[in-house]
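Colleague: just a sequence and a predicted model for now, questions to come.
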Amino acid sequence: MSGAYGGVAVAAVALATVLVGALGLRVSRTTDDFYVASRTVRPGLNAAAISGEYLSAASFLGIAGLVLAHGADMLWYPVGYTAGYLVLLVLVAAPLRRSGAYTLPDFAQDRLESVTVRRIAAVLVVGIGWLYLLPQLQGAGLTLRTATGAPRWAGGAVVSVVVAADVAAGGMRSITLVQAFQYWLKLTALLVPVVFLLLVWHGDGSPGGPAAVHATVTGGGTGPHPLYATYGLILATFLGAMGLPHVVVRFYTSPHGRAARRTTLVVLVLVGAFYLLPPLYGALARVYAPDLAATGDPDAAVLVLPERMIGGTGGGLLGALLVGGAFAAFLSTSCGLTVSTAGVLAQDVLPSVGVRSFRWATLLAVAAPAALTLSAAGLPVADTVGLAFAVAASSFCPLLLLGIWWRGLTPPGAAAGMLAGGGLALGAVAATIAGWPRHGWPQALMAWPAVWSVPVGFVTMIAVSLATRGAIPPGTTAAMHRLHRPEPVPPTPRDPAGVPRAARVPRPWRGAGR
Amino acid sequence: MRREVVTGGRCDPSRGAAGATDTEPSTRDDARLRALVRAQLRAALTAVAALAVPLGALPLLLDRVPAVSRTRIGGVGVTWPLLGVAGYPLMYLIGRWYVTRAEANEARYQGGCPDQEDGPR
C-alpha cells in the first residue's frame, strides 16, 4: 500500500496530538488540573472530548470489519455503544457529577464509606482499563502494518509512547483538547473518503446491491447461538458504558450536574452521527473486498477500500486520511484509558500523592498492556472490547445504579456484588481468551457473559445488602442529598469570565444541533 | 459574593458549595428529596423502557418472524435502515425528553425553596 502517505499521516496525527496536548501543559498546574481539568470544561467541548475518547479502534475499524464478515446483524454493536450513553444519561450522569468524586473508587468510598469497597473498585478499574487498552494497541499494530508494512509491534509502541508523553505532560486538561480535536478528525477521516467511495460505487453502476449486502461472507454469524449472542451484546453495551473507567471520569469535568446531562445529550448526537459511517464501509467492503473476510483481517477493510476502489495518488491520499483517523482513534481512547487507570494507580496503589506520583502511574498504566501486546497472541479487536464492556456491566453498573438510587446498599453488599458479577465476568473473559470452551452453549455462555453475570451482580448486591441491613453507612441520607439535590446556581468558582454558567449553557436541543 | 448567597439557603442549611461538610438533613428536607428522587427515577425508567422495549423486541422479531426479516426498504433488508439509521434519532429524542423532564423535576423541587429558586441576578 501507499507506505509513504500512511507513514506521514501517522506522524502528523501523533505530532498534532502532542502539540495540542502541549497547549494544555501551560495551564496544567495543580493536581486538580491533572485529574479533571478543574471541572471547567464546557458542554460542547466536553461532549466532543467524550465522543473522541469513546470512539475507539472497535468503532473506527472493528464495526466495518464485523459488517464485512457477518452482515447487518453486527449493526447491534454501534447501536449498543450509543444506547449505553443514553442509559448513562438517564440513570447516572447528573448524580455521578454531583458526587464530586474523581474516579469510580472515589465514588465507591464516598457513597459507602468503606476502604475495602474502594480497593475492589480500584482493582476492577485497572483490570478493565488494561483489558480495553490491549485491543487499542493491537489495532494500532494492524493499522501501521497495513499502511506501511511495519512489524506488528511498531504501531502499539508508537501509541504507547505518544500517550504516555501526552498524559504525563498535561493530564486531563491536555487530553480534553486532544480528544475534542480527535473527534472531529475521526469524523472527517471517515466522511471525506466515503463520499468519493460512494461516487465510485455509483459510477460502477451500483454493483452488489441487496445480494452482496445480504449474503453472509463467512457464515456462522456470531457463533452457534446468534440470538443469545445478540442479547448478550445488547446487555453488555447498554449497561457497560456507564462502568467504563475512562467514560465515567469525564463526567467529573462538567461544571455541574445539569451540564453533565446536557453534555451527554450532545454526546448522543456526535456519537450517533459518527456511527452512520462505519457500516457504509462494511457494506462497500462486501462488494469490493470480500476476500478480507476469508484471509482473517476484516478489520483492515476500512483502510484498504480507497486503494481497491480508486487507486493512484487519490486513493493513496484518502487511505492516508483513514490511517490518520484510525490512529486518532487509538490515541484518544488510549489517552482516556491511561488517565483513568493512572489516576486510580496513583491514588490507590502508589504511595505518594501528587503530580509526580501521577506521572509514574501513567508509565505503569501504559507499560503493562504494551508488554501484554508484545507477548500475547492477537485477539480480535471487537471481541476484547466487548468483554471489557461485559465486565464493566457486571460490576460497576450494579454499584452505580444501586448506589445512586437505593438507600439500602451496604458495603458488604457492594463488595460481594462487584466480586460476584465482575469476578464471574472476568473468569468468562479469561476462558474465552484462552480459547475454552470451543463449542455449543458453553462457548456462547462464556463469550457473552453479560446475560447471566449482570443479574448475578445485581442479585448478589441486593441480597447481601438486605442481609446486612445494620451495615448501612450512617452518611447514606447525606450522600443521597449530595447526589440528587440540584445545584441552586451552577457553581462557577473558577469560571474565568465570572458569568454564571447557566447563562451560557444552551438549551439542550440548540446545543445539540451545533 | 455569589457563593455566600448560594450557601445561605433557608430551607436547607446543609446546602453548601462543593467541599462543605454534610450535616444530617432535616426530616422535611429529606421528605422533599425523596419525592425528587422518586420523580427522577420514574423519568429515568420511562426513558429506559422507551429504549429497551423496541430495541429489545427487535432481535426476537427478526429471528422468529420471517415476514419481518424478509421485508425490504429501498432494496435492502429491513435490518440495515432500522439498526443503521433509525435507532439514533430515536435515542436522541428519548434523551432530549428525559433532560427536559429531569430539569422540570428539579425546578419543581427548588420551587419549594424560594430562596434558591434561581440564584442571584
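Modeller: Looks like it came in fine. Numbers count the residues shown, from 1 in each chain, chains lettered A, B, ... in the order given.
Colleague: flag the shaky bits of chain A, pLDDT-wise.
Modeller: Counting by pLDDT under 70, chain A contains low-confidence ranges at A:1-3, A:21-41, A:170-175, A:208-223, A:296, A:352-355, A:375-382, A:489-514.
Colleague: residue closest to the middle of it?
Modeller: Centroid-nearest residue in chain A: A:Y54, 3.9 Å away (criterion: Cα atoms, centre = their mean).
Colleague: check contacts around A:A101.
Modeller: Contacts for A:A101 (Cβ atoms under 8 Å, 6 or more residues apart in numbering or on different chains) come out as A:107, A:109-110, A:252. Bear in mind the C-beta positions are built from the backbone N, C-alpha and C, glycine included.
Colleague: next step: the residues you listed restricted to strands.
Modeller: Within the contacts of A:A101, no residue falls in strands by DSSP state E.
Colleague: can you tell me which two in the residues you listed are farthest apart?
Modeller: Taking Cβ to Cβ, the two most distant members of those are A:Q109 and A:Y252; they sit 14.6 Å apart.
Colleague: pLDDT value on the spatially most central residue of chain B, please?
Modeller: By Cα atoms, centre = their mean, chain B has its centre lying nearest to B:Y98, at 4.0 Å. B:Y98 is assigned a pLDDT of 96 by the prediction.
Colleague: for it, which residues are in contact?
Modeller: A:89-90, B:43-44, B:46-47.
Colleague: repeat that for B:L51.
Modeller: Applying Cβ under 8 Å, 6+ apart, we find B:L51 in contact with A:83, A:86-87, A:238, B:90-91, B:94.
Colleague: that one: which element?
Modeller: For B:L51, the host element (DSSP states H and E) is helix B:27-64.
Colleague: chain center to that helix: distance?
Modeller: Distance, stretch centre to chain centre, for helix B:27-64: 8 Å (Cα atoms, centre = their mean, to the nearest Å).
Colleague: repeat that for stretch A:456-475.
Modeller: Between the centre of stretch A:456-475 and the centre of its chain there are 30 Å (Cα atoms, centre = their mean).
Colleague: who touches it?
Modeller: Residues outside stretch A:456-475 that contact it (Cβ under 8 Å, 6+ apart) are A:111-114, A:394-395, A:397-399, A:401-402, A:406-414, A:416-418, A:420-422, A:424, A:479, B:22.
Colleague: repeat that for 7 Å
Modeller: A:112-113, A:394-395, A:398, A:402, A:408-414, A:416-417, A:420-422, A:424, B:22 (Cβ atoms under 7 Å, 6 or more residues apart in numbering or on different chains).
Colleague: distance check, A:L244 against chain B.
Modeller: Using Cβ to the nearest Cβ, to the nearest Å, A:L244 is found at 18 Å from chain B.
Colleague: what's near enough to touch that residue?
Modeller: Neighbouring residues of A:L244 by Cβ under 7 Å, 6+ apart: A:128, A:392.
Colleague: got the phi/psi numbers for it?
Modeller: A:L244 has phi and psi values of phi -80, psi 130 when expressed as degrees, to the nearest 10.
Colleague: so it versus A:Y54, what's the distance?
Modeller: Distance of A:L244 to A:Y54, given as Cβ to Cβ, to the nearest Å: 8 Å.
Colleague: next: B:G95.
Modeller: Per Cβ to Cβ, B:G95 is found 15 Å from A:Y54.
Colleague: do the same with B:L45
Modeller: Computed as Cβ to Cβ, the B:L45 to A:Y54 distance reads 24 Å.
Colleague: any idea which residue of the chain is furthest from its center?
Modeller: No chain specified, so I'll use chain A. Distance from the centre of chain A peaks at A:G205, with 38.2 Å (Cα atoms, centre = their mean).
Colleague: to clarify, I was referring to chain B.
Modeller: B:G75 (37.6 Å).
Colleague: okay, buried residues for stretch A:5-25 please.
Modeller: By neighbour count with 16 or more other Cβ atoms under 10 Å in any protein chain shown, stretch A:5-25 contains the buried residues A:5-10, A:13-14, A:16-18, A:20-22, A:24.
Colleague: excluding its backbone neighbours, what's nearest A:T341?
Modeller: A:G129 (3.4 Å; Cβ to Cβ, 6 or more residues apart in numbering or on different chains).
Colleague: tell me if the one you found really is in a strand.
Modeller: No: looking at A:G129 with DSSP: H, G, I helix; E, B strand; the rest coil, it is helix, so not inside a strand.
Colleague: residues touching the closest residue to A:M418 other than its chain neighbours, list them.
Modeller: Residue nearest to A:M418 in three dimensions, not counting chain neighbours: A:S395, with 4.5 Å by Cβ to Cβ, 6+ apart. Taking Cβ under 7 Å, 6+ apart, we find A:S395 in contact with A:124, A:243, A:418, A:421-422, A:457.
Colleague: present these as TSV; the columns should include neighbour count and secondary structure.
Modeller: Output for these, formatted as TSV (neighbours: other Cβ atoms under 10 Å in any protein chain shown; DSSP: H, G, I helix; E, B strand; the rest coil):
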residue	neighbour count	secondary structure
A:L124	29	helix
A:G243	30	helix
A:M418	24	helix
A:G421	32	helix
A:G422	30	helix
A:G457	30	helix
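Colleague: what is the nearest of those residues to A:P442?
Modeller: Nearest to A:P442 among the contacts of A:S395, with distances taken as Cβ to Cβ, is A:G421, at 19.5 Å.
Colleague: how much space between the closest one and A:A236?
Modeller: Applying Cβ to Cβ, the value for A:G421 to A:A236 is 12 Å.
Colleague: tell me which residues are up against stretch A:106-126.
Modeller: A:96, A:99, A:101, A:103-105, A:245, A:340-341, A:344-345, A:348, A:395-396, A:399, A:403, A:411, A:414-415, A:418-419, A:422, A:473, A:475, A:479.
Colleague: which parts of it are buried?
Modeller: Here stretch A:106-126 shows A:106-112, A:114, A:117-126 as buried, counting by 16+ other Cβ under 10 Å.
Colleague: CA atoms only: put stretch A:294-304 into CSV for me.
Modeller: Taking C-alpha atoms only, stretch A:294-304 is exported to CSV below (Å, rounded to 0.1, in the frame of the first residue of the first chain):
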residue,chain,number,x,y,z
ALA,A,294,-11.6,-15.0,4.4
THR,A,295,-7.9,-14.0,4.9
GLY,A,296,-8.6,-13.1,8.6
ASP,A,297,-8.0,-9.4,8.5
PRO,A,298,-11.5,-7.9,8.1
ASP,A,299,-10.6,-5.2,10.5
ALA,A,300,-8.4,-3.8,7.7
ALA,A,301,-11.4,-3.2,5.4
VAL,A,302,-11.7,0.5,6.2
LEU,A,303,-8.1,1.1,5.4
VAL,A,304,-7.8,-0.8,2.0
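Colleague: thanks again, I'm all set now.
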